[in-house]
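**Q** give the three-dimensional model of this entry:
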Amino acid sequence: MFERRSLTAPITLGVVMIVIVVVLAAVWVIASWLSAQGGQASKPVFWVILATGAILLAGMLAGSIAYLTLTVKAVNLNRRQSNFIDSVTHELKSPIASLKLYLQTLTRRSVGEEQQKDFHRFMLEDVERLDALINHLLDAARIERGTEPSESERVRLDQLLIQCSSAACLQYRVPQDTITVDSPPITLRSQPVQLEILFRNLIDNAVKYGGTPSRVAVTVRVTGDQQVVVSIIDNGNGIPANQKRKVFGRFVRLGNELERSQPGTGLGLHLVRNVTKTVGGTVRILDRTDQPGTEFQVTLGGLVASPETSSP
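**A** Below you'll find the predicted structure:
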């Protein structure tokens with residue numbers, strides 16, 4: 001899951017810069033020797049040496065800038081990975097600590113039947129939370145390895161969206177009417193597992209970062225060129241314009257780590273972007289015009305059947 005960067009680029013760049021330094025030193029020695037000859041060298045030789053030195057200096061400058069860029073990227077990636085490890089550690093420890101507490105209470109104390117039911121319900125919630133986190137990490141690992149099956153099947157998009165919405169409402173324990181799905185019966189030829197990962201992450205994200213109370217609208221329409229456009233709209237605070245591309249990065253989470261109130265790993269939208277590319281679609285972020293919030297718009301191909309295509 002962590003990015004395995006190749007060392008080829010920095011090693012090659014370092015070798016090239018060393019060669020440039022050696023050649024530049026040789027040119028400097030030759031120029032000094034010619035100067036010591038008292039101007040006996042011809043002017044063409046002087047200009048050739050000057051041009052060579054200038055080119056080598058420009059190469060050194062470009063190499064230094066490239067090395068600096070690689071270093072900054074490596075530092076940023078290392079910081080995001082550290083944040084990811086902190087988030088996952090916290091997400092794993094919290095339900096485990098809760099499970100331990102309930103089990104210790106049930107073992108050491110006599111509790112009533114009603115309280116036992118509550119404890120079992122709380123423990124089941126913690127187990128589901130751990131299960132969701134592990135599935136999330138496994139999804140990310142599979143996508144990174146590119147080992148997901150690529151066979152396309154007929155998928156009822158409207159049914160898939162309703163399933164993802166119901167699962168999100170259960171996971172976050174919000175009423176089922178928190179998410180409204182407005183979609184005609186649409187059949188796509190695509191990869192069902194990938195589509196499920198794509199829309200599960202987008203709908204989960206919309207509920208998690210929605211307003212109070214959260215309201216999410218999922219709408220589907222078919223364009224004139226037979227593309228299917230799915231919009232997932234929430235009523236949260238929105239995403240700043242300068243962060244809209246950044247949020248699709250690996251381990252990226254907006255806001256201050258110390259002030260963060262929502263759990264997460266920073267992998268959800270990274271999965272969304274990669275899965276969308278895998279199924280041949282596009283995803284973009286729009287602002288709501290009527291009120292605060294965010295709209296994720298996914299465009300997919302592979303339309304097989306819809307009310308428009310079925311009508312005579």
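**Q** for the rest of this, base every contact and every neighbour count on C-alpha atoms.
**A** Noted.
**Q** now what about stretch 16-23, what contacts it?
**A** Leu56, Gly59, Met60, Gly63 (CA atoms under 8 Å, 6 or more residues apart in numbering).
**Q** quick one: residues contacting the second one.
**A** Residues in contact with Gly59 (CA under 8 Å, 6+ apart) are Met17, Ile20.
**Q** helix or strand right after the strand or helix carrying it?
**A** Using DSSP states H and E, Gly59 sits within helix 43-108. Following helix 43-108 in sequence order, the next helix or strand is helix 113-145 (DSSP H and E).
**Q** what comes up buried for the helix or strand that comes right after that following helix?
**A** Where DSSP H and E defines the elements, the next helix or strand beyond helix 113-145 is strand 153-156. For strand 153-156, burial by neighbour count (16 or more other CA atoms under 10 Å) applies to Val155, Arg156.
**Q** give the other helices and strands that strand 153-156 contacts.
**A** In terms of contact count using 3 or more CA pairs under 8 Å, 6 or more residues apart in numbering; DSSP states H and E, strand 153-156 is assigned the packing partners strand 187-190.
**Q** quick check, distance from the strand it packs on to the centre of its chain.
**A** Between the mean C-alpha location of strand 187-190 and the chain-wide mean there is a distance of 24 Å, by CA atoms, centre = their mean, to the nearest Å.
**Q** how about that strand as CSV, C-alpha atoms only?
**A** The C-alpha trace of strand 187-190 is given here as CSV (Å, rounded to 0.1, in the frame of the first residue of the first chain):
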residue,chain,number,x,y,z
THR,A,187,-27.9,-1.1,-16.7
LEU,A,188,-24.2,-0.7,-17.3
ARG,A,189,-21.6,-3.1,-18.6
SER,A,190,-18.8,-2.6,-16.2
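**Q** that strand pairs with which strands, parallel or anti?
**A** Neighbouring strands of strand 187-190 in its sheet, by DSSP bridges, are strand 153-156 (antiparallel), strand 303-305 (antiparallel).
**Q** leaving out the residues flanking it, which one is nearest to the residue positioned nearest the centre of the chain?
**A** Of all residues in the chain, the one closest to the mean position by CA atoms, centre = their mean is His270, 1.5 Å from it. Leaving aside its sequence neighbours, His270 sits nearest to Phe248 (CA to CA, 6 or more residues apart in numbering; 4.6 Å).
**Q** likewise for Pro10?
**A** Tyr67 (7.2 Å).
**Q** hang on, that neighbour packs against Ala9?
**A** No. Judged on CA atoms under 8 Å, Tyr67 makes no contact with Ala9 at a distance of 9.5 Å.
**Q** ok, those two, which is more surrounded?
**A** The neighbour comparison of Tyr67 against Ala9 (other CA atoms under 10 Å) goes to Tyr67, with 17 against 12.
**Q** separation between that one and Val27?
**A** With distances taken as CA to CA, to the nearest Å, Tyr67 is found 24 Å from Val27.
**Q** over to Val220?
**A** 67 Å.
**Q** more neighbours: these two, which one.
**A** Val220 (22 against 17).
**Q** so that one belongs to a strand, correct?
**A** Yes. Under DSSP: H, G, I helix; E, B strand; the rest coil, Val220 falls within a strand.
**Q** show me what contacts it?
**A** Asp182, Ser183, Pro184, Val228, Val229, Val230, Ser231.
**Q** just those residues now: which is nearest Ala141?
**A** Val230 (25.7 Å; CA to CA).
**Q** neighbours around the closest one, how many?
**A** By other CA under 10 Å, 23 other residues sit near Val230.
**Q** wait, isn't it in contact with Gly301?
**A** No. Using CA under 8 Å, Val230 is not in contact with Gly301; the gap is 11.2 Å.
**Q** flag the shaky bits of the stretch 101-250 of the chain, pLDDT-wise.
**A** Counting by pLDDT under 70, the ranges of the stretch 101-250 of the chain that qualify are 144-150.
**Q** thinking again about what came up before, how about CSV for the strands paired with strand 187-190, with distance to Val19 added?
**A** Shown next, in CSV, are these (distance: least, CA to CA, whole Å):
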stretch, distance to Val19
strand 153-156, 55
strand 303-305, 56
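**Q** spatially, which residue comes closest to Asn205, not counting chain neighbours?
**A** With CA to CA, 6+ apart as the criterion, Asn205 has its nearest non-adjacent residue at 7.7 Å, and that residue is Gly268.
**Q** tell me the contacts of that neighbour?
**A** By CA under 8 Å, 6+ apart, Gly268 lies in contact with His136, Asn201, Leu202, Asn205.
**Q** now swap in Thr299 and tell me
**A** Gln227, Val228, Val229, Val230, Gly281, Thr282, Val283.
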